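>>> Fold the following and give me the result.
(one chain, ligands or ions: 1)
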Amino acid sequence: MQDVTDVPKRNRDAARLKMDDERLESHVKRAQELIGNDTKEVPAFWINKYKKEAAKNWDMFYRRNTTKFFKDRHWTNREFEDLAYQEGQSKVCLEVGCGVGNFVFPALIENPGLFIYACDFSKRAVDMVKDNEHYDESRCKAFVCDLTQDSLTDNIPAESLDLVSAIFVFSAIPPEKFAFAIQNIFKVLKPGGAVLFRDYGLYDEAQLKFSAASDKKLESNLYVRQDGTMSYFFSLEDLQSRFEAEGFKTLKNEYIYRETTNRRLELNVDRIFAQAKFQKPLA
Ligand SMILES: C[S@@+](CC[C@H](N)C(=O)[O-])C[C@H]1O[C@@H](n2cnc3c(N)ncnc32)[C@H](O)[C@@H]1O
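As a prediction, this is how the structure comes out:
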């Protein structure tokens, strides 16, 4: 689950290239076969347990990995122009599912006019954010919150945010809880404010790996990792309909294709991400 999107600078342009049609077609064909043949569903007892214990499993993930697992996300200004600082401008953002701050700290350092609220349901992760040498209360407030059941307005004034970033967090949430999470975000955004979304796309290589293994599929497009954390894969239609159902307007919604190389295994891997921008309409 490493952040393979953070390709070395000199390879960025090459990595951003879309897969050519032929390659994409054969990838989709392979994906559909693998996923279509994956009928090994996990028993309901375990599905409920993974869903119920999601916060605990992520907390254990951070106990094991501390701050060492994800790389800092230095690509966010490039991918989300709303985030990038413009002279004299100040913005307030909330990062949902902030983990240990791999999005938060590069964004604060690169964008002087930014204030970031950062929340996660893992207390251990939030404590690591607060312990970071760059944590400065005049520019950041981190707090524990389960986006799928705790109201964000307990910590953030309603309709006060310019931006909400959701970077690889919705994939960790069971789909039946998306609606609550999206409504929760809607309430703290200003009219005209936007959600910046990036997550695993349908047929991403990680989904193919889950399908090839046994007993990983919980339900359609939802899988479980060895450590009990979950991963959902978004088609653009699915993503768009879920945000629009809660009142958002879709301004951007696209797949990002990246070819990454695993040098040790001498393998090229096709990653597919869903990237979108959803706006809360002006009143
Ligand atoms: C893959 S990590 C991404 C972390 C961070 N956004 C980043 O870009 O590095 C997913 C994070 O979402 C958090 N998370 C998952 N479900 C959540 C929920 N219901 N409420 C709050 N945080 C959640 C997990 O604890 C984990 O830190």
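>>> thought residue 239 was touching residue 273?
No: Residue 239 is not in contact with residue 273 according to Cβ atoms under 8 Å; the separation is 11.1 Å. Yep, even glycine has a C-beta here, placed from its N, CA and C like the rest.
>>> need the residues of the protein near the ligand, please.
54, 58, 70, 73, 97-99, 102-103, 120-122, 125, 146-148, 167-169, 172-173 (Cβ under 6 Å from any ligand atom).
>>> And residue 201, its phi and psi?
phi -90, psi 160 (degrees, to the nearest 10).
>>> Need the pLDDT of it.
What the model reports as pLDDT for residue 201 is 96.
>>> Convert the C-alpha atoms of the helix or strand containing residue 48 to CSV, please.
Counting by DSSP states H and E, the element that carries residue 48 is helix 44-52. Below are the C-alpha coordinates for helix 44-52, written out as CSV (Å, rounded to 0.1, in the frame of the first residue of the first chain):
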residue,chain,number,x,y,z
ALA,A,44,-20.8,-12.5,7.0
PHE,A,45,-19.4,-12.8,10.5
TRP,A,46,-16.0,-11.7,9.4
ILE,A,47,-17.3,-8.9,7.1
ASN,A,48,-19.2,-7.4,10.1
LYS,A,49,-16.2,-7.8,12.3
TYR,A,50,-13.8,-6.0,9.8
LYS,A,51,-16.4,-3.2,9.5
LYS,A,52,-17.0,-2.9,13.2
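>>> how about it: buried residues?
Neighbour-count burial for helix 44-52 flags 47, 50-51 (criterion: 16 or more other Cβ atoms under 10 Å).
>>> Doesn't residue 94 lie inside a strand?
Yes: counting by DSSP: H, G, I helix; E, B strand; the rest coil, residue 94 is found in a strand.
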